[in-house]
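Q: 3D, please:
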Amino acid sequence: MGNVFSAGDLRLYLSNGGTAVFVDVLTLAVSELAENPWDFRFAALLARQDQSVMGRGAVGFDLADLDWGRTPRERAAAKDFVLRVIDLALRRHRWDELDYFPPYAEKYLRRFRELVEGFDPATARDDGESFPGPDEAATASCVRHRVLGSLPLLEGCVFCFAG
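A: Take a look at the predicted model:
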């Protein structure tokens, strides 16, 4: 059992453990870079990938289901943000704070970067459910772990639930 992150026909399949690592390292990066409303919505999407809350093997998303924006400029900014998050994670941002070493995280991130890089947000179909709305944005930070989470929807962050 595992989880799928996709861009149309392209897929990143991760085991449940791989998904936890993937979400952890992206959460550290997104928490550092989020500035705009769309960024905080993307942070909330990542928080929703927490298997300790949502269930093992019950997470994942397709880039085509997300609301990337209405204009070419909005879509380009959103895509650039996701790529910057991935790139910061690839630079091992705050990995020294993890209580484990993620040996395959770079492989997962590089594959996800390929999916995002090759994806054209203008082709997205925004299913209206997969991407958190503006009122669901992750604007609260877990004081203990210094990362964005889905507070008050969830009573903690991905690191609170892991330990």
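Q: helices and strands of this protein: which one bottoms out on pLDDT?
A: Lowest by mean pLDDT, DSSP states H and E among the helices and strands of the chain is helix 51-54, with a mean of 56.
Q: Mind listing the strands the next helix-or-strand element following that helix pairs with, and their directions?
A: Once the chain leaves helix 51-54, the next helix or strand it forms, by DSSP states H and E, is strand 60-62. Partners of strand 60-62 in the sheet, by DSSP bridges, are strand 2-7 (parallel).
Q: For the partner strand, which residues meet the burial criterion?
A: 3, 5-7 (16 or more other C-beta atoms under 10 Å). For every residue, glycine as well, the C-beta is placed using N, CA and C.
Q: Mind listing residues that contact that strand?
A: 11-16, 18-19, 22, 49, 51, 57-64, 112, 115-116, 118-119 (C-beta atoms under 8 Å, 6 or more residues apart in numbering).
Q: mind running it again at 6 Å?
A: For strand 2-7, contacts defined as C-beta atoms under 6 Å, 6 or more residues apart in numbering pick out 11-15, 19, 59-60, 62-63, 115, 119.
Q: quick one: the strands in this structure?
A: Ranges of strands in the chain, per DSSP state E, are 2-7, 10-15, 60-62, 140-142, 147-149.
Q: Please identify the most buried of those.
A: Here the criterion is mean neighbour count by mean count of other C-beta atoms under 10 Å, and of the strands of the chain the winner is strand 147-149, at a mean of 26.
Q: what residue ranges in the protein score low on pLDDT?
A: For the chain, the stretches flagged by pLDDT under 70 are 1, 50-59, 136-163.
Q: okay, which residue is most central for it?
A: Leu46 (3.3 Å; C-alpha atoms, centre = their mean).
Q: Between the buried residues of strand 2-7, which sits nearest Leu88?
A: Minimum distance to Leu88 across the buried residues of strand 2-7 is 17.8 Å, recorded for Phe5 (C-beta to C-beta).
Q: Just list whatever residues bridge to that closest one.
A: Leu12, Phe61.
Q: Please state the offset of stretch 88-101 from the chain centre?
A: 15 Å (C-alpha atoms, centre = their mean, to the nearest Å).
Q: Repeat that for stretch 17-25.
A: The answer for stretch 17-25 is 10 Å, by C-alpha atoms, centre = their mean.
Q: which residues are in contact with it?
A: With C-beta under 6 Å, 6+ apart, stretch 17-25 has contacts from 3, 14, 49, 89, 102, 105, 108, 158.
Q: ok, how many other residues are close to Val116?
A: The burial count assigned to Val116 is 19, neighbours taken as other C-beta atoms under 10 Å.
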